[in-house]
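Undergrad: quick one, structure for this:
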Amino acid sequence: MPHTRYTIVVADRGTGVVRRVTIRLRVAVLTLAALFSLPVLVGLGARWSAVDEIQGLRTHSATLEVENTSYRAATEALTSQIQSLQTAVDDLGTRSHLDPAAAKAMEKLPAGLKTPAVGGGKAGAAIPPTALFASSFSSPEDTFGMLRDLLNGLERHLSTVKNDVERRAALASATPSIWPTRGWLSARYGMRSDPFTSQPDFHPGLDISADKGTPVYATADGTVDLAAWAGEYGNLIVVKHGFGIATRYGHLSKFLVKPGQKVRRGQLIAYVGATGRATGSHLHYEVTINGRLLNPLQLLFTKPGA
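TA: Here you go, the predicted structure:
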């Protein structure tokens, strides 16, 4: 019944007025369906909108999580670099403290030995503070990148300084700075009258008179190069200290070290004697730098065992 119609009669009892409304069934059904469907459609639309919004929030949250992970990794890397720098600074502070006597003796060394050759490119250009300040107004990635560059530059500079400090400490350890034995100075470095011939003669070291058996000490860290009989020197010990520095201890009565043995400043290495060309018990002591003699007296600031 596609054309079925219904008439709705409305009568007013007081006035007797009668009103009739005729509607088609299809229109009525569609109207009712629309009325009932509207809330459902509104609800579905709201649900779909909420789903889209939730998906967008999830995507944004995932992006933030990735960024946070990246920032955490960058922060951890920067923290590690900062700790490394702190360790390097502490290490430099420790290594920079030299034995006062050794430091004084080191200053008496030839200038070319104290100052190594330098050259090459820059260790890393420092970042201006204005550039770092400006980066704080850009993206976090730029800020982290700027901080990494700054820390890398500081690490390179510290590495260079560390190498210089380590070399200075090694040179101080290799510099003969203590008296090799206890006694009295009986002959200085330079021209003198030969004790056997009474003729003018150049004396290449110091003679320190002492009783036989008096301890003889290494005057700096090094490696024993020779411990043997050596003609006029008698029993001779030669210690090489690095940087071309070597010391000689002659006329010994007894060796306490062997070639190749490492020794430390102040370590007992022999005893005073009168072997070789000697008029009495004493120690003959020499210092050479790259094979050239140096007056040992200008390096001696501390008594042995002090």
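Undergrad: quick one: the strands in the stretch 101-250 of the chain, in order.
TA: Along the stretch 101-250 of the chain, the stretches classed as strands by DSSP state E, counting those that start in this stretch are 184-187, 190-193, 200-203, 206-209, 215-217, 222-229, 235-242, 245-255.
Undergrad: so for Arg13, which of those sits nearest?
TA: strand 235-242 (128.8 Å; CB to CB). The way it works is simple: take the backbone N, C-alpha and C, and place the C-beta from them, glycine included.
Undergrad: gap between Arg192 and Ala220?
TA: From Arg192 over to Ala220 the distance is 26 Å, taken as CB to CB, to the nearest Å.
Undergrad: ok, those two, which is more surrounded?
TA: Neighbour comparison, Arg192 and Ala220: the larger count goes to Ala220, with 26 against 13 (by other CB atoms under 10 Å).
Undergrad: low-confidence regions, the stretch 151-300 of the chain specifically.
TA: Under the criterion pLDDT under 70, the flagged ranges of the stretch 151-300 of the chain are 151-155, 157-158.
Undergrad: that older thread, which stretch among the strands of the stretch 101-250 of the chain comes nearest Thr59?
TA: Closest of the strands of the stretch 101-250 of the chain to Thr59 is strand 235-242, at 64.8 Å (criterion: CB to CB).
Undergrad: now that closest one: how far from the chain's centre is it?
TA: With CA atoms, centre = their mean, to the nearest Å as the basis, strand 235-242 stands 34 Å off its chain's centre.
Undergrad: can you state the direction angle for it and strand 245-255?
TA: Interaxial angle of strand 235-242 relative to strand 245-255 (axes from the mean of the first three to the mean of the last three CA atoms, to 10 degrees): 150 degrees.
Undergrad: buried ones in strand 235-242, by neighbour count?
TA: By neighbour count on 16 or more other CB atoms under 10 Å, the buried set for strand 235-242 is 235-241.
Undergrad: could you say what helices and strands that strand packs with?
TA: The contact analysis (3 or more CB pairs under 8 Å, 6 or more residues apart in numbering; DSSP states H and E) places strand 235-242 against helix 140-174, strand 222-229, strand 245-255, strand 268-272.
Undergrad: what's around the nearest residue to Pro296 once chain neighbours are set aside, how many residues?
TA: Excluding its sequence neighbours, the residue lying closest to Pro296 (CB to CB, 6 or more residues apart in numbering) is Val287, at 4.4 Å. By the measure other CB under 10 Å, the count of residues near Val287 is 26.
Undergrad: now stretch 236-245 - C-alpha only, PDB.
TA: Taking only C-alpha atoms (Å, rounded to 0.1, in the frame of the first residue of the first chain), the coordinates of stretch 236-245 have been written out as PDB:
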ATOM      1  CA  LEU A 236     130.600   2.200  36.900                       C
ATOM      2  CA  ILE A 237     126.800   2.500  36.800                       C
ATOM      3  CA  VAL A 238     125.100   4.400  34.000                       C
ATOM      4  CA  VAL A 239     121.400   5.200  34.300                       C
ATOM      5  CA  LYS A 240     119.400   6.500  31.400                       C
ATOM      6  CA  HIS A 241     116.500   8.700  32.400                       C
ATOM      7  CA  GLY A 242     114.900   9.500  29.100                       C
ATOM      8  CA  PHE A 243     114.800  12.800  27.200                       C
ATOM      9  CA  GLY A 244     118.500  12.200  26.400                       C
ATOM     10  CA  ILE A 245     119.500  12.500  30.100                       C
END
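Undergrad: any idea how far Tyr40 is from Ala33?
TA: One thing to correct before we go on: residue 40 is Val, not Tyr. Taken as CB to CB, the span from Val40 to Ala33 is 10 Å.
Undergrad: for the strands of the stretch 101-250 of the chain, which one sits closest to Ala50?
TA: Evaluated over these, closeness to Ala50 peaks at strand 235-242, with 78.0 Å, by CB to CB.
Undergrad: can you list the residues that contact the closest one?
TA: 170, 173-176, 216, 218, 220-230, 246-255, 257, 263, 269-270, 273, 275-276 (CB atoms under 8 Å, 6 or more residues apart in numbering).
Undergrad: could you give the angle of it to strand 268-272?
TA: 150 degrees.
Undergrad: what angle do strand 235-242 and strand 222-229 make?
TA: 160 degrees.
Undergrad: just checking: what are the partner strands of strand 235-242?
TA: strand 222-229 (antiparallel), strand 245-255 (antiparallel) (DSSP bridges).
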